[in-house]
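Undergrad: Got a sequence here, can you build the structure:
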Amino acid sequence: MRRFKAFVTALILFAMTVLIVHIVTREHAADDPAGYALWDSEEKSLSYTGLTANMTDNMIPVFASSELQHGTETIFHPCRLFADTDFTPMLIGVGYYQSLGHSVTLSAIEDAMPVRKAVLILSPQWFRKSGVVDQAYTSRFSQLLYQHMLTNEKLSGKTKEYISERTAELLSPDPQTRDRVKLDEAVLLMDQAGPVDRFSQAVWERFLTWRDEESIVLRQKTVRVRPLQGLYTEKPVSEEEGHLPDSFWKSMLELAEADGAANNTNEFFIKDDAYARLEPYLPLKKGMNADALKGYQTGPEFSDLRCFLDVCSETGVEPMLVILPVNGYYYDFTAFPQSARQAYYEKIRKIAQEYDAAVADFSGDEYTKYFFEDRVHLGQKGWVMVSEEIYRFYQGETPAA
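TA: Numbering: from 1, shown residues only. Prediction:
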């Protein structure tokens, strides 16, 4: 009897310790919401605790991919441009994030969003015939976010079924995680698990939550924003109460133009250091895409995009799709057909129209100089122009692009 009482006492003390740690770590996870939102980190985008604890009433999530990792050392990138303003985008995504993963994340965090809006920046390269690659999806998969998606009662059974089937397919490189996800679904979605499986699932979910809370707090403590270096280190105007007037965007665009003229002096109007890395391979790339008559027009990414918009519709989140262009100078060099490019843009526009989604359409900027940092990622002017449309969407204005 004494041993049993000792066991119960130890169990109670352990539970109290876990609860205290949970409360403390959850509180410290939101020590700096703006800093967290603008932090360009893979760990940040995978953390349910970090994303939900730091969502504020001047913030909307901006979902993207590797774009968010490029240009962070300049004042043109959102992590610098929006610092100390009346708006903070919660930047979510790094390389290999695409529509399906963002559908899971939005489903998991939407209940913590005071502002019911979300932006999805679409990279044309997502829409290759293969769609998101299984290894890429697996490497960016958060089981904790997935569990919270499963328990979101706003989502329809059809949407959850689509996410489940696609996830089972794409987690094939990681059978252990795939089996755990199946257990999550049996317990949280289908209510078909026995008591042992339920206990096992609950313990694992508690462990994932504890690990998420602990790791994101510790990781934030070690992060420091790198000091700006280069041509421009300060924003051009002092904004009243953080608001960004039209004059701010005009000034920023002028700076981006000047920076591009100084640093993008090649035939593709990309950063000169990016061109230098590309130049040795140009003989192999000239005309290589002449047969891409259906380029970016087929594949599962379009269905994954519809899934993201279904999540928005079912949860009451107003979406804006940002249609990024391709670099017209480079794509002409590779002979990627102009007809295929235009067909891709039009397909995205039609899907947006189906869902009554706002669109910031930059398809007409294929030949805008200094729009790109390299062949595919946003550069000086690209980031300023896209950021302005995100800000105007947050303010309730109709996208002009």
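
Undergrad: Could you pull out the buried residues of stretch 109-118?
TA: If you call a residue buried by 16 or more other Cβ atoms under 10 Å, then stretch 109-118 has these buried ones: 109-110, 113, 115, 117-118. Backbone N, C-alpha and C define where each C-beta goes, glycine included.

Undergrad: Need those in CSV (columns: pLDDT).
TA: Compiled in CSV, these are given as follows (pLDDT from 0 to 100):
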residue, pLDDT
109, 98
110, 98
113, 98
115, 97
117, 98
118, 98
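
Undergrad: which ones among those residues are found in strands?
TA: If you go by DSSP state E, these have 117-118 in strands.

Undergrad: closest to residue 205 among the buried residues of stretch 109-118?
TA: Nearest to residue 205 among the buried residues of stretch 109-118, counting by Cβ to Cβ, is residue 109 at 16.5 Å.

Undergrad: Look up the closest residue to the closest one, ignoring the ones flanking it.
TA: residue 51 (4.9 Å; Cβ to Cβ, 6 or more residues apart in numbering).

Undergrad: Now the host helix or strand of that neighbour - C-alpha only, CSV.
TA: Using DSSP states H and E, residue 51 sits in helix 48-53. Coordinates of the C-alpha atoms in helix 48-53 are reproduced here as CSV (Å, rounded to 0.1, in the frame of the first residue of the first chain):
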residue,chain,number,x,y,z
TYR,A,48,2.3,25.0,-33.1
THR,A,49,3.1,26.7,-29.8
GLY,A,50,5.1,29.5,-31.4
LEU,A,51,2.7,30.3,-34.1
THR,A,52,-0.4,30.4,-31.9
ALA,A,53,1.1,32.1,-28.9
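
Undergrad: who does it touch, helix- and strand-wise?
TA: Under the contact criterion of 3 or more Cβ pairs under 8 Å, 6 or more residues apart in numbering; DSSP states H and E, helix 48-53 touches helix 2-28, helix 42-46, helix 99-109, helix 143-150, helix 195-221.

Undergrad: repeat that with 6 Å
TA: Helix 48-53 sits against helix 99-109, helix 143-150, helix 195-221, with contacts defined as 3 or more Cβ pairs under 6 Å, 6 or more residues apart in numbering; DSSP states H and E.

Undergrad: Deepest-packed of these, please.
TA: Ranked by mean neighbour count, those are led by helix 99-109 with a mean of 26 (mean count of other Cβ atoms under 10 Å).

Undergrad: Put the alpha carbons of that helix into CSV.
TA: The C-alpha trace of helix 99-109 is given here as CSV (Å, rounded to 0.1, in the frame of the first residue of the first chain):
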residue,chain,number,x,y,z
SER,A,99,0.1,24.3,-50.6
LEU,A,100,-0.7,21.1,-48.8
GLY,A,101,1.6,21.7,-45.9
HIS,A,102,0.3,25.2,-45.6
SER,A,103,-3.3,23.8,-45.6
VAL,A,104,-2.4,21.7,-42.5
THR,A,105,-0.7,24.7,-40.7
LEU,A,106,-3.6,27.1,-41.4
SER,A,107,-6.1,24.5,-40.2
ALA,A,108,-4.1,24.1,-37.0
ILE,A,109,-3.6,27.7,-36.1
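
Undergrad: And for it, what's in contact with it?
TA: With Cβ atoms under 6 Å, 6 or more residues apart in numbering as the test, helix 99-109 has contacts from 48, 51-52, 63, 132, 140, 145-146, 148-149, 152, 155, 166, 304-305, 307-308, 311.

Undergrad: could you redo the last one with a cut-off of 8 Å?
TA: 45, 48, 51-52, 55, 61, 63, 92-93, 118, 120, 126, 132, 137, 140-142, 144-149, 152, 155, 163, 166-167, 170, 301, 304-305, 307-308, 310-312, 315, 317 (Cβ atoms under 8 Å, 6 or more residues apart in numbering).

Undergrad: I am finished for the moment; much appreciated.
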